[in-house]
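Undergrad: Structure of the sequence below:
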Amino acid sequence: MKTRLFSFPLFLLILLLCAGQAYGTDPAMADKLAAPGEDGRYQRMADNFFIIYDPSNSMNVPYKDTGLTRMEAEKQIIQKSNATLPDLGWQAGLYPHWKGGLWLHGSPMAFKPYYELKRYDKAAYTRAIDQLPVRPTGPPMIQRGLMKLAHLLGLPGRTEVFLFSDGKHSTAKELETEPLEQAGILAAKYDVCFTIVSSATTAEGKKLLDDIASVNNCSQVIDFDTVFEKPEHLFGKLYMDSGQPGFNNVLFDFDKSDIKPEFKATLDKLGQFLLDRPEAYAVLSGFCDSIGTEAYNIKLSRKRVERVSNYLSKGFNINKDRLLTYWYGFANPVASNDTEEGRALNRRVTIAIRPGK
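TA: All right, here's what the predicted structure looks like:
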């Protein structure tokens, strides 16, 4: 590639470099700190994100005793979540599963956005969210939302997709790809992670969404009720907030996820802290050193953070919605990966405390 680049005219090379800066970081730099904000308090943990909004008939049902429909609650979650988001230079988009009218697979112009893919601007994104419908536009179309993502992914760096769904779909056999199959195609081809906000009420719907979240190791399902109560949970994978109070890191041996005895006292203190303060909750973030592949380390960092979460939930009866878990592989090292001492510090789960209501 370098040989070919040098044969280009100089002005074209400059244009290519500028375009690369506009669309995020080089994927080869994924193990380094992303763009900080507010004097380094926030660290960006993804380069791009999309929200895929569900405006289907099945969302037009009462949501608990809130006086809202589930679709109105969905919009409110996105509004409140966006209000908590710092501006760290992501590329972002806001799209519905579908938006009425004829859509032909292979026609990118038919994917009608509320916020077309571009640099995130909080004020403009807020205005776009305000335009989201609260009246249904048709049957559930999660399959179309996933199919349309094929026209949007492929950006430099990692892309987080926040997908709202109740697990229902109306796939046209032999004309559209089944949702799970399409999610697998996207995960195999692109550096993409799905956060699925599930309002599924049937076993079949829950299984579909769980299966979609299993297409790779960086995807997960979050319960709709959890993000309605705590909207700031929605975008937690996009950034880390180093300004939050916390407990000491829990460190791990090489290629292990077992909690070492010397760190159980820290977790016991954390468990008691959460018992004494029922409104507070913990943000647990898992990391690895740089040895091994990115995919393997994503999986290992997930095991580590889930071990810590399980220790707290089982040992202290802490509800899982008070233990927010994220995992990042070898991203965001706190020490050099060139030495054993540095690598030992990078094999960690960090603990931050949020006060809640």
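
Undergrad: For the helix or strand harbouring Ala123, list every residue counted as buried.
TA: Assigned by DSSP states H and E, Ala123 falls within helix 122-130. By 16 or more other Cβ atoms under 10 Å, the buried positions in helix 122-130 come out as Tyr125, Ala128, Ile129. Glycine gets a C-beta too; all of them are placed from N, C-alpha and C.

Undergrad: Same check on stretch 145-159?
TA: Gly145, Leu146, Met147, Lys148, Leu149, Ala150, Leu152, Leu155, Pro156, Gly157, Arg158, Thr159.

Undergrad: what does the average pLDDT come to for it?
TA: Mean pLDDT, computed over stretch 145-159, is 91.

Undergrad: how distant is stretch 237-251 from the center of its chain?
TA: Here the centre of stretch 237-251 is set off from its chain's centre by 16 Å, with Cα atoms, centre = their mean, to the nearest Å.

Undergrad: which other residues reach that stretch?
TA: With contact meaning Cβ atoms under 8 Å, 6 or more residues apart in numbering, stretch 237-251 is reached by 37, 40-46, 49, 85-86, 88, 90, 160, 193, 195, 259-260, 263, 266-267, 269-270, 273, 283, 285, 304, 308, 326, 332, 344-345, 347-354.

Undergrad: Give me the subset of these lying in strands.
TA: Among the contacts of stretch 237-251, DSSP state E puts 37, 42-44, 49, 160, 193, 195, 283, 285, 326, 348-354 in strands.

Undergrad: Only the buried members of those: can you turn that into a PyMOL selection?
TA: Only the buried members of the ones in strands among the contacts of stretch 237-251 enter the following PyMOL selection, criterion being 16+ other Cβ under 10 Å:
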select buried, resi 37+42+43+44+49+160+193+195+283+285+326+348+349+350+351+352+353+354
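
Undergrad: Walk me through the domains of the chain.
TA: 42-237, 244-354 (automatic domain parsing).

Undergrad: From the contact counts, what lies against the helix holding Ala123?
TA: helix 70-83, strand 91-96, strand 115-119 (3 or more Cβ pairs under 8 Å, 6 or more residues apart in numbering; DSSP states H and E).

Undergrad: What is the helix or strand hosting Phe228 packed up against?
TA: Using DSSP H and E, Phe228 sits in helix 224-229. If you count contacts as 3+ Cβ pairs under 8 Å, 6+ apart, helix 224-229 packs onto helix 70-83, strand 192-198.

Undergrad: so of the ones you listed, which one's packed in deepest?
TA: strand 192-198 (a mean of 25; mean count of other Cβ atoms under 10 Å).

Undergrad: mind checking how far it is from the chain centre?
TA: Using Cα atoms, centre = their mean, the offset of strand 192-198 from its chain centre is 6 Å.

Undergrad: average pLDDT for it?
TA: Averaging the model's pLDDT scores along strand 192-198 yields 96.

Undergrad: hang on, the earlier thing: can you list which of the buried residues of stretch 145-159 are found in strands?
TA: In this view, these that belong to strands under DSSP E are Thr159.

Undergrad: Make JSON lines out of the buried residues of stretch 145-159 and add distance to Ser242.
TA: Supplementary listing: those in JSON lines, determined by distance: Cβ to Cβ, whole Å:
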{"residue": "Gly145", "distance to Ser242": "34"}
{"residue": "Leu146", "distance to Ser242": "34"}
{"residue": "Met147", "distance to Ser242": "38"}
{"residue": "Lys148", "distance to Ser242": "36"}
{"residue": "Leu149", "distance to Ser242": "31"}
{"residue": "Ala150", "distance to Ser242": "36"}
{"residue": "Leu152", "distance to Ser242": "31"}
{"residue": "Leu155", "distance to Ser242": "26"}
{"residue": "Pro156", "distance to Ser242": "25"}
{"residue": "Gly157", "distance to Ser242": "21"}
{"residue": "Arg158", "distance to Ser242": "20"}
{"residue": "Thr159", "distance to Ser242": "23"}
